[in-house]
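Predicted model and sequence follow; I will ask about them next.
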Amino acid sequence: MRTYLTFLALLLFIACSKKAPVFNETRQADFYLNAGKVYFQKVYTGSVSFISAEKELTAHNSPTGGIQVKQMTEDKIMGVILAYPVDWQSYMGKRIKAIEDMKRPLNATFEIEKNGNSYTVTVRNIWFTDGLKSSNQQHNVIENYIVQDDGFSFRKDKNSISIIHHLSQRLESWFFLKGGGLGDRF
């Protein structure tokens, strides 16, 4: 009994001594907030061949949407993500309560830049397709769903944080290049 109580006290001490994660108002996962605009940026290690990267980036496209490369140089790829569906089933085993507008296909611009034996992916202008009015993009921008009304910080509620981390994980997998090719993205 004494051993049991000592063990229980030790567990309680360990649980209480762990610090809660610090909320960062302008960075969550690989999403950043600057001047009221949200963007995704991730540095990947490993060399990459842009010649095969274009084929791999577009290999999983559907007839209605996907990743399109618009311009490619020796050190940079620029393009768009058009009507790309996002799987919202769960994040780390927990069900995500995505807002209905966010369940529509994702759109964005992207840039991939080589940096020696690494490359940096930046995704900007993230918005969700408005099924009723395809030209009405300003009402479905990601900032409306994950940024405080004042535009200076991310929302602190658990669901918004889960949405940010889930989208970060999805974008990370879409742009993960392995030695000139992409790994399994889904």
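Thanks, I have it.

Could you check the pLDDT of the residue nearest the centre of the chain?
Centroid check for the chain by C-alpha atoms, centre = their mean gives S168 as the closest residue, at 2.0 Å. pLDDT recorded at S168 is 95.

Buried residues in stretch 70-89, which are they?
77, 79, 81-84, 86, 88 (16 or more other C-beta atoms under 10 Å). The way it works is simple: take the backbone N, C-alpha and C, and place the C-beta from them, glycine included.

which ones among these are found in strands?
77, 79, 81-84 (DSSP state E).

Spatially nearest residue to E54 (excluding sequence neighbours)?
V69 (4.8 Å; C-beta to C-beta, 6 or more residues apart in numbering).

shouldn't the one you found be in contact with E56?
No - contact status for V69 versus E56: not in contact, 10.5 Å apart, counting by C-beta atoms under 8 Å.

Contacts only, for the residue nearest to S160 when sequence neighbours are not counted.
Setting aside the residues directly before and after it, S160 is nearest to I146 in space (C-beta to C-beta, 6+ apart), at 5.1 Å. Contacts for I146 (C-beta atoms under 8 Å, 6 or more residues apart in numbering) come out as 31, 38, 154-155, 160, 163-164.

will you turn the residues you listed into a markdown table that also has secondary structure, distance to E100 and pLDDT?
What follows is the contacts of I146, written out as a markdown table (DSSP: H, G, I helix; E, B strand; the rest coil; distance: C-beta to C-beta, whole Å; pLDDT from 0 to 100):
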| residue | secondary structure | distance to E100 | pLDDT |
| --- | --- | --- | --- |
| F31 | strand | 21 | 97 |
| V38 | strand | 19 | 97 |
| F154 | strand | 21 | 95 |
| R155 | coil | 17 | 94 |
| S160 | helix | 15 | 91 |
| I163 | helix | 13 | 92 |
| I164 | helix | 18 | 93 |
